[in-house]
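Enquirer: sequence and predicted model, in that order:
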Amino acid sequence: MEGELHNLTNAQKDILKEICNIGAGSSATALAHLLNRKISMNVPSVRILPFQQVPEVVGGAERQLVGVFLHVDGEAPCNILFFLSVTSAKKFVDLVLNRALGTTHELDKLNRSALEEIGNIISGSFLTALSKVTGLNFVPSVPSLSIDMAGALLNIAVLAFGHFGDEALVIDTNFIDHERRLEGYYFLVPEPGSLTKILNSLGVTHDRSS
Amino acid sequence: MIEVVKVGMADLKGAKAPATVITCGLGSCVGIALYDSVAKVGGIAHIMLPDSNQSRNKENPAKFADTAIPMLIQKLVALGALKRRLVAKIAGGAQMFSIQGASDIMRIGDRNVEATMVALKLEGIPILYQDTGGNYGRTIELDTCDGKMCIKTIDKGQTII
């Protein structure tokens, strides 16, 4: 498992990117249905990042963000974090609850659970798509929301990699609704060992001993 | 201009006055600030895991509570500090999300704090101040001129100790 990240070839990265793109497409469709508008999601990037650089992807360790976290158990455990800027999160709540944009001022308990549910739906559709392609079983936990510094929110997602090195494999994408300036980030961080299982399930050999 | 020394996750650094040492976005990680008020030398370790013995890869001592503290001490001594004069202020070790069932990884913040306290005790370094636990992130700044540490949070304001 130690060499899992460094032995990853470009071809394998492309395969991961492709299957995550299918997942992201499925999430974007689910989100579009939920919000009743067109949402575009970018092709995910697959990167191996030093821990310190992970928060840079979402604007720095100190940036305040709304994060929804899910731990995924099953054959290939992973962690999912769905981030929204505070402004975007308020707009999301307005759209989901079918209110005029600008109605939500405070993210109260009800609004927070609406956002958790959005995280749940996005992750569910992503994992269902991933499961269809790989044949692997993914069991997501209930979502949990926290509004805080990006660095602090990301700790939990990269922890498992700490036992093996100072880098994590991060698959991330963002989605944009230009018209309403909605912006969000979606992180999938497979735990060590899961990468090999995902690649093996696709018939791509990935030497786990080296 | 006062020098600002940034410490990343799984990293540690020391500095001499008048530098400020900072580490941002501590969640379940713990920020350990050590300071010698006579030499005016201080530093911070930003640890993410409690125990190096539970990991196969121990190449980076700054990542674990048990190995980061001796290494930070060594670094500060090299900058002119005396080990017996060092005092500690620690912050972090929060639980940012609450998820049932995944209790082991969710409790990592508490375990990081416990391991930090044990490692400091082993070295005989007193903890002057501790702001740990809870469910919120923290950023800490250590002023090497006076050893004051500023803890910043998003919702709970900032404290200087």
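Expert: It's in.
Enquirer: who's the one residue sitting closest to the centre of chain A bridged to?
Expert: Centroid-nearest residue in chain A, with Cα atoms, centre = their mean: residue A:187, separated by 2.6 Å. Using DSSP bridges, the bridge partners assigned to residue A:187 are residue A:81, residue A:172.
Enquirer: so who does the residue of chain A found nearest chain B touch?
Expert: Residue nearest to chain B within chain A: residue A:151 (1.9 Å; Cβ to the nearest Cβ). Yep, even glycine has a C-beta here, placed from its N, CA and C like the rest. Residue A:151 makes contact with A:55, A:60, A:61, A:62, B:9, B:24, B:25, B:26, B:27, B:137, according to Cβ atoms under 8 Å, 6 or more residues apart in numbering or on different chains.
Enquirer: residue A:134: which of these is nearest?
Expert: Looking at the contacts of residue A:151 and their distance to residue A:134, the nearest is residue A:55, at 28.7 Å (Cβ to Cβ).
Enquirer: can you pull out the strands in chain A?
Expert: Applying DSSP state E to chain A gives strands spanning A:40-41, A:45-50, A:64-74, A:78-85, A:138-140, A:144-149, A:167-177, A:182-190.
Enquirer: residue A:185 against residue A:57, yeah?
Expert: Yes - using Cβ atoms under 8 Å, residue A:185 is in contact with residue A:57, at 7.1 Å.
Enquirer: what do the two both touch?
Expert: With Cβ under 8 Å, 6+ apart, residue A:185 and residue A:57 have common neighbours residue A:172.
Enquirer: please tell me the pLDDT value assigned to the closest residue to residue A:61 other than its chain neighbours.
Expert: Once flanking residues are discounted, residue A:61 sits nearest to residue A:151: 2.9 Å by Cβ to Cβ, 6 or more residues apart in numbering or on different chains. Per-residue pLDDT puts residue A:151 at 94.
Enquirer: next: the one 4 residues further on.
Expert: Note for residue A:155: predicted pLDDT of 90.
Enquirer: pretty sure it sits against residue B:49.
Expert: No - under the criterion of Cβ under 8 Å, residue A:155 makes no contact with residue B:49, lying 10.5 Å away.
Enquirer: higher neighbour count, the two?
Expert: Counting neighbours by other Cβ atoms under 10 Å in any protein chain shown for residue A:155 and for residue B:49 shows that residue A:155 has the greater number, 28 against 25.
Enquirer: so who does that one touch?
Expert: By Cβ under 8 Å, 6+ apart, residue A:155 lies in contact with B:9, B:25, B:26, B:27, B:28, B:29, B:48, B:96.
Enquirer: in strands only, show me these.
Expert: Using DSSP E, these in strands are B:25, B:26.
Enquirer: nearest to chain A among the contacts of residue A:155?
Expert: Within the contacts of residue A:155, the smallest distance to chain A is 1.9 Å, found for residue B:25 (Cβ to the nearest Cβ).
Enquirer: leaving out sequence neighbours, find the closest residue to that closest one.
Expert: Among residues not flanking residue B:25 along the chain, residue A:151 sits closest, at 1.9 Å (Cβ to Cβ, 6+ apart).
Enquirer: can you pull the pLDDT of the closest residue to residue A:26 other than its chain neighbours?
Expert: Residue nearest to residue A:26 in three dimensions, not counting chain neighbours: residue A:129, with 4.0 Å by Cβ to Cβ, 6+ apart. Listed pLDDT for residue A:129 reads 92.
Enquirer: helix/strand/coil for the residue nearest to the spatial centre of chain B?
Expert: By Cα atoms, centre = their mean, the mean C-alpha position of chain B lies nearest to residue B:32, the distance being 1.7 Å. Under DSSP: H, G, I helix; E, B strand; the rest coil, the three-state class of residue B:32 is strand.
Enquirer: distance of it from chain A?
Expert: Applying Cβ to the nearest Cβ, to the nearest Å, the value for residue B:32 to chain A is 15 Å.
Enquirer: now do the residue lying closest to that residue once chain neighbours are set aside against chain A, distance only.
Expert: Closest residue to residue B:32 apart from its sequence neighbours, by Cβ to Cβ, 6+ apart: residue B:45 at 4.6 Å. With the distance defined as Cβ to the nearest Cβ, residue B:45 ends up 14 Å from chain A.
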